[in-house]
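[1] missing the sequence, but the structure's below:
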Ligand SMILES: Cc1cc2nc3c(=O)[nH]c(=O)nc-3n(C[C@H](O)[C@H](O)[C@H](O)COP(=O)(O)OP(=O)(O)OC[C@H]3O[C@@H](n4cnc5c(N)ncnc54)[C@H](O)[C@@H]3O)c2cc1C
């Protein structure tokens, strides 16, 4: 069953794409404290900032902007936290999908190093923010283990570790013997790094929304934004209820249902699969402190979650719709279980939860955090990629700066090419 949509039927010609955002209930849907209370209607007609989307991007942006004075409204056409964020495996990584030495070839060494450093800082900032706000979402600092695979082998990983060192980002290269010795894994090499984390993405998002609301933000759903127009210093939004709202700034945090005017060949939507094991899985002692992923296409990635569950994902496919095929889903789930067992010896058997979803990525692995074409006050956050949550945290800083008239020193890295 496609449960990525609410019963509310979205408009077909609105400003944002529309797609189902997951198939089958992700594990996080069964966890407590993952909801934020939404109203049916906005109290006012004018706001300082209207944020569209109540996933992790919208929650982080709203929480950054809500200061008790600024009037912030969050709108969503689904119930809060029912989009891609609910499907996320929430490996909160500083490691960008495109390795630093490869990204350097694409965008230049200085920019690539800045993007990687900003990403590492964002994970740490996010961890501290969750702690400061007292959000109970199993946020845990972790190391990352990046394994050589069919896309990047041991030589490429050695170059990668060296490039990261030169950029001031700590990374330890392990050869095959050291990897076997320390982790019992058989690959030609790996990189161990710090600055990563994991969390329950739904609880984190709901907690951020509640924190924003405690500082005066309003959360309204289900309401769909059906039109947007910037006129002078005001942005006018039309909603599915036939209401007109105005704001000083509007931020589209609509995930993989991005603003249609942002459509570009540099980003695309693919399909991905994920699962959660039963609790209390037998596992090696080191695993709870690590996020593991591999330099392969398609790749496998995994981590543990509270209660001794193992969250595993991967098997990405270059199709925006393959995730919706139930037979394919069963095959992909079996394949993920087999791959995990082959690599680690962990046999999770029949997963307790298995789900599939569309997933966005870009040719550089970097997100798009920009203004809409021709607009000054319409901002767009497209937190694509395997570290979408980290990118959403960066987006929140950049957007808050723009609303306050300050251009972030790293904003150039994330413009629509
Ligand atoms: C299976 C899977 C695994 C992932 N694993 C990881 C991971 O391990 N680590 C990581 O960092 N990232 C991961 N990601 C990516 C990460 O989850 C996403 O980048 C992130 O959830 C996107 O959040 P969002 O708030 O931008 O989008 P969403 O959570 O999708 O929220 C966008 C909201 O906008 C609303 N909306 C859209 N259009 C309109 C409109 N016109 N009017 C009103 N509302 C509208 C939608 O209803 C939706 O609720 C994963 C993603 C998937 C699918």
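    Yes, it's here. Owing to the predicted nature of the structure, the values given are computational and were not obtained by experimental measurement. Numbering: from 1, shown residues only.
[2] what about residue 94, distance to the ligand?
    From residue 94 over to the ligand the distance is 10 Å, taken as CB to the nearest ligand atom, to the nearest Å. Glycine gets a C-beta too; all of them are placed from N, C-alpha and C.
[3] List the contacts of that residue.
    For residue 94, the contacting residues are 116, 119-120, 122-123, 144, 169, 193, 195-196, 387, 390, by CB atoms under 8 Å, 6 or more residues apart in numbering.
[4] which among the residues you listed gets closest to the ligand?
    The ligand lies nearest to residue 387 out of the contacts of residue 94, by CB to the nearest ligand atom, at 4.3 Å.
[5] is it true that that closest one touches residue 95?
    Yes - with contact defined as CB atoms under 8 Å, residue 387 reaches residue 95; the gap is 7.1 Å.
[6] who's in contact with stretch 145-154?
    Here stretch 145-154 makes contact (CB under 8 Å, 6+ apart) with 95, 99, 156-157, 160, 175-176, 179, 183, 185, 187-193, 290-297, 299, 343.
[7] 6 Å instead?
    By CB atoms under 6 Å, 6 or more residues apart in numbering, the surrounding residues in contact with stretch 145-154 are 157, 187-192, 290, 292-297.
[8] Out of the residues you listed, list just those in helices.
    Judged by DSSP state H, helices contain the following of the contacts of stretch 145-154: residue 157.
[9] got the contacts of stretch 145-154 as CSV, with pLDDT columns?
    Listed next are these as CSV, based on pLDDT from 0 to 100:
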residue, pLDDT
157, 98
187, 97
188, 98
189, 98
190, 98
191, 98
192, 98
290, 98
292, 98
293, 97
294, 97
295, 97
296, 96
297, 93
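[10] Identify the residue of the stretch 101-250 of the chain closest to the ligand, quick one.
    At 3.9 Å from the ligand, residue 225 is the closest residue in the stretch 101-250 of the chain, using CB to the nearest ligand atom.
[11] so who does that residue touch?
    52, 237, 239.
[12] Most neighbours among the contacts of residue 94, which one?
    residue 390 (29 neighbours; other CB atoms under 10 Å).
[13] Quick check: which ranges of the stretch 251-400 of the chain have low pLDDT?
    Within the stretch 251-400 of the chain, not a single segment meets pLDDT under 70.
[14] what stretches of the stretch 1-150 of the chain score poorly on pLDDT?
    Using pLDDT under 70, the flagged stretches of the stretch 1-150 of the chain are 1-12.
[15] For it, what lies in contact range of the ligand?
    Residues of the stretch 1-150 of the chain lying near the ligand by CB under 6 Å from any ligand atom: 14, 16, 21, 52-58, 75-78, 82-85, 87-92.
[16] Tell me which of these fall in helices.
    Among those, DSSP H puts 56-58, 84-85, 87 in helices.
[17] Skip the chain neighbours and tell me the closest residue to residue 356.
    residue 323 (3.8 Å; CB to CB, 6 or more residues apart in numbering).
[18] that's a strand at that neighbour, yeah?
    No - Residue 323: not assigned to a strand; according to DSSP: H, G, I helix; E, B strand; the rest coil it is helix.
[19] Okay, buried residues for stretch 370-382 please.
    370-372, 375, 377-382 (16 or more other CB atoms under 10 Å).
[20] next one: stretch 107-123
    For stretch 107-123, burial by neighbour count (16+ other CB under 10 Å) applies to 107, 111-123.
[21] Pipe these into TSV and attach secondary structure per row.
    Shown next, in TSV, are those (three-state DSSP):
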residue	secondary structure
107	helix
111	helix
112	helix
113	helix
114	helix
115	helix
116	helix
117	helix
118	helix
119	helix
120	helix
121	helix
122	helix
123	helix
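[22] can you tell me which of these lies nearest to residue 246?
    Closest to residue 246 out of these is residue 122 (31.6 Å), distances taken as CB to CB.
[23] Now the phi/psi pair for residue 335, please.
    Reported as degrees, to the nearest 10, the phi and psi values for residue 335 are phi -60, psi -40.
[24] nearest residue to it other than its sequence neighbours?
    According to CB to CB, 6+ apart, the nearest residue to residue 335 is residue 315 (5.7 Å).
[25] The helix or strand harbouring that neighbour pairs with which strands, parallel or anti?
    Secondary structure assignment for residue 315, by DSSP states H and E: strand 309-317. Here strand 309-317 has these sheet partners by DSSP bridges: strand 267-276 (antiparallel), strand 300-305 (antiparallel).
[26] And the longest one, what's buried?
    It refers to strand 267-276. Buried residues in strand 267-276 (16+ other CB under 10 Å): 267, 269-276.
[27] Show residues contacting that strand.
    Outside strand 267-276, the residues touching it (CB under 6 Å, 6+ apart) are 27, 89, 256, 309, 311-313, 315-320, 322-323, 332-333, 351-360, 362, 384.
[28] Show me which of the ones in helices among the residues of the stretch 1-150 of the chain next to the ligand are buried.
    Among these, those scoring as buried are 56-58, 84-85, 87 (criterion: 16+ other CB under 10 Å).
[29] Of the buried residues of stretch 370-382, which belong to strands?
    If you go by DSSP state E, these have 370-371, 378-382 in strands.
[30] Let me know the closest of the residues you listed to the ligand.
    Using CB to the nearest ligand atom, those come closest to the ligand at residue 381, 6.4 Å.
[31] show me the contacts for that closest one.
    57, 253, 369, 395 are the contacts of residue 381 under CB under 6 Å, 6+ apart.
[32] Quick check: of those residues, which has the highest neighbour count?
    Neighbours here mean other CB under 10 Å. Within the contacts of residue 381, the largest count is held by residue 57, at 33 neighbours.
[33] Tell me how far that residue lies from residue 28.
    Using CB to CB, to the nearest Å, residue 57 is found at 16 Å from residue 28.
[34] No more questions from me, cheers.
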